[in-house]
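Chemist: this one's structure only:
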């Protein structure tokens with residue numbers, strides 16, 4: 001039976017469109033759609049168990065995968081099968097998860113799975129920009145309790161004009177690359193990188209994206225209505241007890257408020273809050289705790305949250321005693337580790353990051369092999385968040401999605417300040433040693449100093465700050481918080497990280513937890529973030545104002561040379577013999593690649609000893625040496641023959657030429673040794689190819705003064721020359 005297909009089309013302008021289709025594929029899923037733009041097709045399915053899980057959170061899994069068959073390719077590696085997700089796929093999962101999760105009811109705890117697959121790839125369509133649309137459209141067709149339709153779009157800007165869902169080629173020349181997630185009413189997520197744009201320009205980009213998202217949300221609703229919108233499923237809600245909530249609020253609120261008002265360090269404050277909670281629990285019997293102990297904890301945390309928020313809104317004070325726009329104390333240090341190419345420590349309050357920099361050749365570039373993109377990164381940053389940084393002991397099971405996301409944000413913040421002509425591949429690693437608020441922004445600051453300490457000639461230093469928001473819709477009060485604590489992140493309404501130079505924003509990441517955040521509040525938050533960011537930047541500049549002029553003495557020096565492609569084989573040698581021996585003798589690392597544009601070989605020379613690098617350069621000069629007709633060159637005799645001397649150009653060791661006996665001197669020379677000997681150095685003049693012998697000709701006598709009365713011998717006849725050659729053959733020993 002031919003399935004009934006339902007379809008909605010969204011016009012993106014300039015001849016592009018996105019279609020949302022359902023009814024053909026994956027019909028046993030609770031909701032499924034195919035989203036297509038050009039030849040790019042995403043299949044999204046959603047499933048949620050009807051039984052609530054025995055947990056106090058939403059076990060939501062967003063999974064995004066790109067199939068290599070989508071671009072007609074095989075997976076790399078030994079096993080020809082897609083394996084663990086790449087960093088690019090993880091980042092897309094995070095983009096979608098951050099918008100979907102807040103829209104499920106807080107008491108909905110059923111296992112929920114959103115699976116998005118790239119089934120067909122188009123070089124001119126970036127699939128991650130449509131993943132949020134696909135996820136929301138599939139949920140709209142399901143019976144999930146979900147607040148409203150959302151979508152995500154990418155925004156670029158070329159020559160001052162905003163572009164919706166730009167191609168990868170357009171992003172190469174765009175000064176903005178932002179992904180915005182929103183519902184028809186509210187912006188909920190912003191993430192991206194920029195080339196030092198202003199706060200006003202960033203807000204304009206968000207508004208442009210939001211207008212497009214409203215259209216996409218309306219298309220999802222039309223599709224759901226045509227398909228037949230399902231009744232929202234019933235589920236067992238969490239148990240509530242208003243009387244118990246009021247009782248615990250009265251027992252906890254004032255005590256929590258007083259502790260928060262006093263201002264204290266993280267561990268001291270946590271211990272005091274825990275003591276209040278334990279005191280409240282002790283007021284109930286064991287039977288009561290067995291019956292509703294989970295509600296006691298829940299209502300205590302609610303009271304704690306209300307008290308801390310009220311303190312900030314009413315008195316402008318925060319948990320650690322700071323004012324809303326105050327930055328925690330900062331101290332910095334560079335060159336801390338004696339063996340790394342660059343290192344720094346950045347400490348802000350109770351958050352600390354230790355950053356290292358390693359310099360290498362193009363061989364160390366980070367290879368990206370995804371169905372939707374193949375390339376490499378010559379600058380990349382890795383972020384590690386060990387459990388001890390928060391005083392915890394927990395299992396370590398590989399790199400977490402959070403570590404991938406935070407590292408990517410810091411990388412995007414810094415990468416555009418690395419000069420295009422930087423010869424090195426640069427790896428930055430951030431080890432978070434303490435964490436109480438925005439370790440990703442500490443990573444940006446530590447990374448900046450470590451790069452400058454390593455001698456990487458950054459265009460401008462970059463700093464970062466995390467902003468928060470506490471608002472009350474009923475009273476209209478709100479407070480924007482600079483340099484938020486970890487607790488303020490959890491109890492606040494916004495987590496907004498922004499990085500930049502003194503001249504503008506370079507990257508941002510924003511998650512908004514309340515509906516209807518006004519653009520006025522957003523602009524105020526950005527302005528306050530700018531002031532805080534510049535304060536932090538001043539502390540970095542106090543520590544190291546400009547990049548060091550040179551890399552450290554023990555760090556490798558990088559020199560890049562170019563040679564015509566026809567010399568690459570000779571430079572490498574058969575089976576790599578020549579280049580391997582050269583690396584061994586010069587104690588260098590040599591990487592050879594071909595530039596398809598200029599048809600030249602690019603030779604990267606990495607070494608700690610200048611003498612070794614110079615030796616490699618001399619080898620290249622020698623290999624590519626081409627004497628110019630009419631010029632003079634200094635040579636050394638390396639071999640004596642009966643009919644001349646073999647000489648080597650001193651400027652190009654290994655390049656030899658025959659100096660014929662007739663070109664030694666103006667006088668007739670019977671024995672070569674009468675004029676020159678082994679090791680003698682002198683100058684010769686280069687005449688190019690001799691038309692008679694078709695060999696290169698050099699002359700010593702051409703640079704000597706001709707003797708007075710000298711008369712050149714007349715050239716011999718052709719017959720005489722043939723007789724000479726015949727006599728030469730006769731003189732050779734014959735084989736019996």
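Modeler: Yep, that arrived. Since this is a predicted model, take the numbers as computed values, not measurements. Numbers count the residues shown, from 1 in each chain.

Chemist: what segments of the stretch 151-300 of the chain are helices?
Modeler: Applying DSSP state H, counting those that start in this stretch to the stretch 151-300 of the chain gives helices spanning 168-172, 199-227, 242-262, 266-282, 286-315.

Chemist: which one of the ones you listed is the most hemmed in?
Modeler: Highest mean neighbour count of the helices of the stretch 151-300 of the chain: helix 199-227, a mean of 18 (counted as mean count of other C-beta atoms under 10 Å). Heads up, the C-betas are built off the backbone N, CA and C, glycines and all.

Chemist: where does the protein have low pLDDT?
Modeler: 1, 712-736 (pLDDT under 70).

Chemist: where does residue 658 land in three-state SS?
Modeler: strand (DSSP: H, G, I helix; E, B strand; the rest coil).

Chemist: ok, now how distant is the nearest residue to it once chain neighbours are set aside from residue 634?
Modeler: Sequence neighbours aside, residue 644 is the residue nearest to residue 658 in space, at 5.4 Å (criterion: C-beta to C-beta, 6 or more residues apart in numbering). Residue 644 sits 18 Å away from residue 634, going by C-beta to C-beta, to the nearest Å.

Chemist: if we can go back for a sec, for the residue nearest to residue 658, what are its contacts?
Modeler: For residue 644, the contact set (C-beta atoms under 8 Å, 6 or more residues apart in numbering) comprises 658, 659, 660, 661, 663, 664, 672.

Chemist: again, only using 10 Å
Modeler: Residues in contact with residue 644 (C-beta atoms under 10 Å, 6 or more residues apart in numbering) are 657, 658, 659, 660, 661, 662, 663, 664, 669, 672, 676.

Chemist: I'd like to know how far residue 208 sits from residue 20.
Modeler: Noted for residue 208: a distance of 22 Å to residue 20, by C-beta to C-beta.

Chemist: next one: residue 76
Modeler: From residue 76 to residue 20 the distance is 32 Å (C-beta to C-beta).

Chemist: can you pull the contacts of the nearest residue to residue 678 once chain neighbours are set aside?
Modeler: Excluding its sequence neighbours, the residue lying closest to residue 678 (C-beta to C-beta, 6+ apart) is residue 637, at 5.5 Å. Going by C-beta under 10 Å, 6+ apart, residue 637 touches 645-648, 659, 672, 676-682.

Chemist: mind checking how far the helix or strand hosting residue 637 is from the chain centre?
Modeler: Assigning secondary structure by DSSP states H and E places residue 637 in strand 632-641. Taking C-alpha atoms, centre = their mean, to the nearest Å, one finds the center of strand 632-641 at 54 Å from the center of the full chain.

Chemist: just want the angle from it to strand 656-660.
Modeler: 80 degrees (axes from the mean of the first three to the mean of the last three C-alpha atoms, to 10 degrees).

Chemist: between residue 76 and residue 20, who's got more neighbours?
Modeler: The neighbour comparison of residue 76 against residue 20 (other C-beta atoms under 10 Å) goes to residue 20, with 27 against 11.

Chemist: and what about the nearest residue to residue 587 once chain neighbours are set aside, helix, strand or coil?
Modeler: Spatial nearest neighbour of residue 587, chain neighbours left out: residue 612 (4.9 Å); criterion: C-beta to C-beta, 6+ apart. Under three-state DSSP, residue 612 falls in the helix class.

Chemist: got the contact list for residue 612?
Modeler: Contacts of residue 612 by C-beta under 10 Å, 6+ apart are 557, 582, 583, 585, 586, 587, 588, 605, 606.
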